[in-house]
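>>> attaching a predicted model along with its sequence, questions to come.
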Amino acid sequence: MEHKIAIIGFGGMGHWHYDLIQKIDDLSISGIYDIDEKQQKDAEDKGLRVYKDLDELLDDQRSDLVLVATPNDLHKKLSILSLESGKNVVCEKPAAISSVEVQEMIDAANCTGKFLTIHQNRRWDQDYKMVRDLIKTDKLGGLWRIESRVHGSIGIPADHWRQFQEHGGGMVLDWGVHLFDQITQMFRGEKIKKVYAALTHVTNLMVDDGFTVELTMESGVVALVEAGTSNFISLPRWYVLGSEGTAEIKNFAQKGEIVCARGNGADDVMPVLTAAGPTKTMAPRREENIHREELPLIESDIREFYQNVMRVIEGKEESLIKMTEVKRVMQLMEAVFESGETGEPVYFES
């Protein structure tokens with residue numbers, strides 16, 4: 001069955017979806033709508049139809065899908081208008097700028113009987129899949145801490161809508177929505193007891209340009225989640241600690257390493273002499289008493305996102321991205337904002 005999708009917003013992510021859709025069987029673009037003349041011209045150069053206004057896009061009976069790829073504050077309005085016009089909707093993340101808005105979108109989808117999903121594309125990141133699969137094993141012993149970070153050094157670009165609060169800017173809504181979604185997927189079925197957050201404003205006073213968040217899971221595992229835009233030396237993308245070993249992945253789409261203990265006897269370590277005195281507690285294990293293992297890359301195909309969307313519309317599959325999960329992550333981000341503003345922990349799902 002062939003499907004056609006109309007794109008609202010032909011900026012950075014709109015172009016990304018355009019490129020992806022060219023690689024997907026049975027899915028094509030009916031046209032785009034954007035208020036920016038530059039983006040209109042670019043769409044015309046690509047041979048795409050440019051709708052003169054939103055009504056023309058919504059009235060086009062050739063399309064059964066709409067992609068909303070606009071600034072965050074417009075997601076709810078445009079998604080609901082699309083649903084009410086009889087279209088199925090793929091909305092860019094975050095779904096909206098509050099959990100109340102997300103619920104309104106869910107209600108509109110239920111009322112119209114149309115399909116609504118959110119483009120949580122980072123579920124297809126290779127590094128995420130590697131860690132997700134690793135913690136299902138006992139290679140590290142008992143898991144007690146997991147650290148997920150993304151670091152950059154250019155701040156939020158001054159000419160970008162993401163620097164404005166009224167448009168839903170800031171790093172919590174930009175990268176937090178991905179990182180928190182990944183953690184909640186890793187610990188599916190487990191409650192998050194406590195949220196403690198610190199937000200940074202190094203280069204931008206209007207919105208957060210970074211955050212460090214500790215999530216305490218019901219099992220006692222602590223997940224540290226961090227995004228920074230003023231980090232000129234990046235810390236590892238993933239750092240995973242168990243009772244018998246540690247795993248590290250330095251960056252996106254890179255192989256990782258697992259280091260585990262072979263023993264736990266007194267001969268495992270030799271004291272280290274520092275300038276100020278000896279230490280045995282912080283000395284490394286002997287090389288022969290540790291086991292190193294490569295954490296290989298996992299295959300991943302982001303085309304699966306749209307393939308699933310089409311099969312859901314055809315009644316052949318369930319959605320990989322459920323709106324209940326989307327709403328929970330939005331509520332989690334609201335707890336992050338609350339903790340960051342008050343300096344106090346938020347007891348989230350206790």
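Now that the structure is in, tell me what you want to look at.
>>> rounded mean pLDDT for the lengthiest helix in the chain, please.
In terms of residue count, the longest helix belonging to the chain (DSSP state H) is helix 323-342. Helix 323-342 shows a mean pLDDT of 98.
>>> direction included, what does the helix or strand just after it pair against?
Remark: after helix 323-342, the chain's next helix or strand is strand 346-347, criterion DSSP states H and E. Sheet partners assigned to strand 346-347 using DSSP bridges are listed as strand 192-200 (antiparallel).
>>> who touches the partner strand?
172, 184, 208-218, 228, 230, 332, 335-337, 339-341, 345-350 (C-beta atoms under 8 Å, 6 or more residues apart in numbering). From N, CA and C alone the C-beta is placed, and that goes for glycine too.
>>> list the buried residues in stretch 204-224.
Residues of stretch 204-224 classed as buried: 204, 207-217, 221-223 (neighbour count, 16 or more other C-beta atoms under 10 Å).
>>> the nearest residue in space to residue 250 that is not next to it in sequence: what secondary structure?
Spatial nearest neighbour of residue 250, excluding adjacent residues (C-beta to C-beta, 6 or more residues apart in numbering): residue 236 at 5.1 Å. Secondary structure, DSSP: H, G, I helix; E, B strand; the rest coil: residue 236 is coil.
>>> return the member of the buried residues of stretch 204-224 nearest to residue 162.
The closest of the buried residues of stretch 204-224 to residue 162 turns out to be residue 207 (C-beta to C-beta; 7.4 Å).
>>> was I right about that closest one contacting residue 162?
Yes. Using C-beta atoms under 8 Å, residue 207 is in contact with residue 162, at 7.4 Å.
>>> now do the shared contacts for these two.
In contact with both residue 207 and residue 162: 156, 169, 170, using C-beta under 8 Å, 6+ apart.
>>> would you map the helices across this structure?
For the chain, the helices defined by DSSP H cover 12-21, 37-45, 54-59, 75-84, 99-112, 126-134, 171, 177-186, 303-313, 323-342.
>>> closest to residue 293 out of those?
Taking the helices of the chain one by one with C-beta to C-beta, helix 126-134 is closest: 10.4 Å.
>>> the closest one versus helix 177-186: what angle between them?
20 degrees (axes from the mean of the first three to the mean of the last three C-alpha atoms, to 10 degrees).
>>> what packs against helix 126-134?
helix 177-186, strand 238-242, strand 245-249, strand 256-261 (3 or more C-beta pairs under 8 Å, 6 or more residues apart in numbering; DSSP states H and E).
>>> buried residues in it, which are they?
Using 16+ other C-beta under 10 Å as the test for burial, helix 126-134 gives 126, 127, 128, 129, 130, 131, 132, 134.
>>> residues in contact with the second one?
Translated: residue 127. By C-beta under 8 Å, 6+ apart, the contact list for residue 127 reads 237, 238, 249, 251, 252, 253, 254, 256.
>>> then the fifth one?
By C-beta under 8 Å, 6+ apart, the residues touching residue 130 are 238, 249, 256, 295, 296, 297, 298.
>>> and it, how far is that from residue 182?
Noted for residue 130: a distance of 12 Å to residue 182, by C-beta to C-beta, to the nearest Å.
>>> low-confidence ranges, the stretch 101-250 of the chain, go.
Scanning the stretch 101-250 of the chain for pLDDT under 70 picks out 159.
>>> one more pass at 50, please.
By pLDDT under 50, the stretch 101-250 of the chain has no low-scoring segment.
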